[in-house]
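Undergrad: Would you be able to build a 3D model of this:
(chains A, B, C and D)
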There are 2 protein chains.
Amino acid sequence: MTKVKESSTNQASRKFLAECDLTHAVRLMSGRWKLPILYLISKGQNRFGMLKKVIPNITERMLTLSLRELEDDGLITRTVFAEIPPRVEYALTEIAMDLLPICDHIRHWGLKHKQSIIFTD
Amino acid sequence: MTKVKESSTNQASRKFLAECDLTHAVRLMSGRWKLPILYLISKGQNRFGMLKKVIPNITERMLTLSLRELEDDGLITRTVFAEIPPRVEYALTEIAMDLLPICDHIRHWGLKHKQSIIFTD
DNA sequence: CAGTATCCCCCACGATACTG
DNA sequence: CAGTATCGTGGGGGATACTG
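TA: Okay, here's the model as predicted:
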């Protein structure tokens, strides 16, 4: 299924539409916790409890929601092991791994931009 | 002024803090219209009226707000010419220009990610 | 351990009207 | 032309309590 608005034919509009996937892509990583979670999973913090312990201030609710959205967007996989006590492991998909170097670019750009960094949380 | 939480000393937390600038950087480009505006300005659409004409559905209010925030974040400059009728021109700063190639990476990543692209607007 | 279930607040965003 | 001013809404996010 591919549904693209083809009505506007002028140059500027077509360039704008090309820009839309950019917005869409950025939205996948927008949100308070998405990127931190992806990063930490890439570093081996791949379970609910580990993430909760390592991420300051996140609530269980937000952790759950963020993980679900990342899963829905195809950025992480969720594997349930039928054990007692239950164990669930998260892993990055190839798509998310492709994102990591880009994140690094963004981070370096951010550092260049902001000489004064304030972590309020 | 540099205010960094130094309380937590373990490895994971320090890595997490490093991740925070990433979140911060992403926030600068988050928002419904920020990226489209930056992109269009880079393509020469550097006036209020031009942007309004070229961006579908944006309201004057949102255009104003977005431009102000981009200016406050140091991503664009705003130059007022004392003429009648009034003329205002926007231009990307070096920081925003550094961002453009990254945007391109993100866009390509987004395209690889989403085989089915839907532009709803 | 790995989550749900409620309740609530704030703010990004939109619609509409007006202006130096 | 390039904006303000005002009002309204949805959902992203938080606090807290409970559960298979």
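Undergrad: can you give me the strands in chain A?
TA: Listed in chain order, the strands of chain A (DSSP state E) span A:76-81, A:87-92.
Undergrad: Can you list the buried residues in the first one?
TA: What it means is strand A:76-81. Within strand A:76-81, the residues that qualify as buried are A:Ile76, counting by 16 or more other Cβ atoms under 10 Å in any protein chain shown. (Glycine included, C-beta is placed from N, CA and C.)
Undergrad: For that strand, enumerate the helices and strands it packs against.
TA: In terms of contacts (3 or more Cβ pairs under 8 Å, 6 or more residues apart in numbering or on different chains; DSSP states H and E), strand A:76-81 is packed against helix A:60-72, strand A:87-92.
Undergrad: Make TSV out of the ones you listed and add distance to A:Phe48.
TA: TSV is the format used below for the helices and strands packed on strand A:76-81 (distance: least, Cβ to Cβ, whole Å):
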stretch	distance to A:Phe48
helix A:60-72	7
strand A:87-92	6
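Undergrad: Format the ones you listed as JSON lines; extra columns: mean neighbour count.
TA: Below are the helices and strands packed on strand A:76-81 laid out as JSON lines (neighbours: other Cβ atoms under 10 Å in any protein chain shown):
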{"stretch": "helix A:60-72", "mean neighbour count": "15"}
{"stretch": "strand A:87-92", "mean neighbour count": "16"}
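Undergrad: Just put the strands of chain A in JSON lines and tack on distance to DNA strand C.
TA: Below are the strands of chain A laid out as JSON lines (distance: least, Cβ to the nearest atom of the strand, whole Å):
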{"stretch": "strand A:76-81", "distance to DNA strand C": "7"}
{"stretch": "strand A:87-92", "distance to DNA strand C": "4"}
